[in-house]
Every structure is written in structure tokens, then in C-alpha cells.
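Pasted the sequence and its predicted model underneath.
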Amino acid sequence: MIYTVTFNPSLDYIVSVDDFKLGLTNRTSSELMLPGGKGINVSIVLKNLGIQSTALGFMAGFTGKEIARRLEEEGVASDFIQIEEGISRINLKLKSIDGTEINGSGPKIPKVKVEELMKRLNTMKEGDVLFLAGSIPASMPDDIYSRIMKELKDKGIMIVVDATRDLLMNVLEYRPFLIKPNNHELGEIFEVTLKTREDVIPYGRKLQEKGARNVLISMAGEGAVLIAENGEVYSSPAPKGTLVNGVGAGDSMVAGFMTGWMEKQDYEHAFRMGVATGSVSAFSEYLATRPEVEEVYKQLV
């Protein structure tokens, strides 16, 4: 079984406003509402690529129900834990104003609900795959990623972590199968500036030395680098295309990589699938689909 965890899912209300003016009533020229959150994005892209998963996390109020309903429409199974107070967040994204966003806070997560999630995760079995992605609500313990991985460390579960700074560094000792920092996040960890694909390789190896099995580094227009557990380094420039929507591109890369790995257990194929899937999502209004990914994949061979 494959599971994704989104601690603070959202309804993303994506709008364009022509000639936006502060202090006045503005009207949208386009509107879109989608279920959001890094783990949810991963589940949707996995489904688009032919891989079934179950989305886990917390939901609250009418917005939480709508998130679950929209996932069902997408063909994605979910098993969210219900929070009695508050509502799942709504994130307003203003496409026409330099990617300006106003993100909600989401509900407070009681300790008993965190323990309920831990119990669900403890039912996972050898060979299962778990994606841990995104930020942690302020009401939850900031070591929740490492707590989960410590609980599961001897179960033979493949764990993918897409997080930043301390969240990422604190899980490396538990040997995650895959981590995916971008070059800026990697530079922040080591207090350096990393601009080229060659620049990131020694710092990716440092994360591998600390415990990560595979390090996938996304670099937007510069491309991507994989430092694989087998000792190989794979590097690719970015496929040609026009950036339309960068939201979800990193999540798509992770989903594409793991889809490729589950298909062939081959790092080169997994890497190309990751690069192609992330790129397609960046070039599209919506998240990547299999036919689109296969077309971009051909550019990378």
C-alpha cells in the first residue's frame, strides 16, 4: 500500500484579477478551486500516473468535507482524521499578481488526534510506501516527522520526505528512501549559494552521508540532480517549456520519481520520470497526467 500524509490540507482558491487595485472592489477574471497540500498533490499525481494511494491527514468542518469530496472525484482514496473544532484552511492564490498568496492557518490538532494518526501509521507493513511532505501546523509537535520515522524504522517501509531545514535534517538518521530538497533549501542547510547542477553534488552527498539513501535535488529552470544509493549521479537540464504554474511541481517530481522506481527499480528511469512529471506540472494549469509525462520523457532519453 502507498500512503501520503498531509497534516494541514487546504482548499486552494486560485484566481486571476485584471488590473488589481488595493482598497477597491476587484472582480475575478478566472477562478479555480482545487484540493491542496503537498501530500494531496502527490496522491493526485500518483493516480494520474496509474498508481493508487491513500491520502492521510486531518480534516475539519465544511472545507475538510469538500477536500475529501474533491479527492474522491479525482479517484483518490482518503482516510482523514476528523477534527471537531475549526475548519480546514482555504488558501487564496492570486495568479495575476506575481504569485501572491494568502494562506489559512487551519484547525488546531489535539494531541489525541496526533496519537490516532500514529496508530494508523503503525498498521503499515513491509514494502509499503509513505510520503511525508510539507509543513507542520503550529499546534503539532515540531518533531512529528522524526517521531513517525522512529516508530516505523524497523518495518521495511520506504519513506519519502519532502521537507525543509530542521524537519529534513532531523529524519536523516532514520534513512529515508528519498529526500527532495531544492538547490536553495540545500544551500540554506549548508549556508552556501548553489547555482549549477555541479554545485549541488557535494552537498547532496553530505546529506547521503548523514543517512539519506537517495537525494533528488530540484533546480527549477536549471534542471535536477539525483545522487542515488547505488553511487551513481544523474543530471538533467530542464525540459523546454513555459512556466505556467509552479505550485505542485516539486510534489509532482517526487510522485513521478517513485512511480518510475516502482515500475522498474531503475534509478535512471525513476529520475527521468521525476524530471518529466515535475516539468509537466510546471508547464500546466493542472497537475501532470501520464500522456503529457510520456511526451516530455522522450526529450530526456
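It's in.

okay, now I14: neighbour count?
Residue crowding around I14 was assessed by other Cβ atoms under 10 Å; the count is 20. The way it works is simple: take the backbone N, C-alpha and C, and place the C-beta from them, glycine included.

in what helix or strand does it lie?
Taking DSSP states H and E as the criterion, the element that holds I14 is strand 10-16.

Give the other helices and strands that that strand contacts.
Taking 3 or more Cβ pairs under 8 Å, 6 or more residues apart in numbering; DSSP states H and E as the contact definition, the neighbouring helices and strands of strand 10-16 are strand 30-36, helix 61-74, strand 89-94.

could you dump those to a markdown table with distance to K180?
Putting these into a markdown table (distance: least, Cβ to Cβ, whole Å) gives the following:
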| stretch | distance to K180 |
| --- | --- |
| strand 30-36 | 18 |
| helix 61-74 | 22 |
| strand 89-94 | 21 |
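
K206 is nearest to which of these?
Nearest to K206, of all the helices and strands packed on strand 10-16, is strand 30-36, at 32.1 Å by Cβ to Cβ.

Put the alpha carbons of the helix or strand just after the closest one into PDB.
Going down the chain from strand 30-36, the next helix or strand is helix 38-48, by DSSP H and E. Taking Å, rounded to 0.1, in the frame of the first residue of the first chain, the C-alpha atoms of helix 38-48 are listed here in PDB:
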ATOM      1  CA  LYS A  38       1.900  18.600  -0.700                       C
ATOM      2  CA  GLY A  39       0.800  15.100   0.200                       C
ATOM      3  CA  ILE A  40      -2.500  15.500  -1.500                       C
ATOM      4  CA  ASN A  41      -0.700  16.700  -4.700                       C
ATOM      5  CA  VAL A  42       1.400  13.600  -4.500                       C
ATOM      6  CA  SER A  43      -1.600  11.400  -4.300                       C
ATOM      7  CA  ILE A  44      -3.300  13.100  -7.200                       C
ATOM      8  CA  VAL A  45      -0.200  12.800  -9.400                       C
ATOM      9  CA  LEU A  46       0.300   9.200  -8.500                       C
ATOM     10  CA  LYS A  47      -3.300   8.500  -9.500                       C
ATOM     11  CA  ASN A  48      -2.700  10.300 -12.800                       C
END
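
about what we covered before: what about the helices and strands packed on strand 10-16, which gets the closest to A212?
From those, taking Cβ to Cβ, the stretch that ends up closest is strand 30-36, at 26.6 Å.

Mind listing the strands that closest one pairs with, and their directions?
Strand 30-36 sits in its sheet next to strand 10-16 (antiparallel), going by DSSP bridges.

thinking again about what came up before, excluding its own residues, what touches the strand holding I14? List them.
The contact list for strand 10-16 (Cβ atoms under 8 Å, 6 or more residues apart in numbering) reads 28-37, 63, 66-67, 70, 88-96, 103-104, 106, 247.

want to throw the helices and strands packed on strand 10-16 into a markdown table with mean neighbour count, distance to P202 and mean pLDDT?
Compiled in a markdown table, these are given as follows (neighbours: other Cβ atoms under 10 Å; distance: least, Cβ to Cβ, whole Å; pLDDT from 0 to 100):
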| stretch | mean neighbour count | distance to P202 | mean pLDDT |
| --- | --- | --- | --- |
| strand 30-36 | 18 | 35 | 91 |
| helix 61-74 | 17 | 40 | 95 |
| strand 89-94 | 18 | 36 | 91 |
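
quick revisit: tell me what angle the strand holding I14 forms with strand 89-94.
In this structure, strand 10-16 runs at an angle of 20 degrees to strand 89-94, with axes from the mean of the first three to the mean of the last three Cα atoms, to 10 degrees as the basis.
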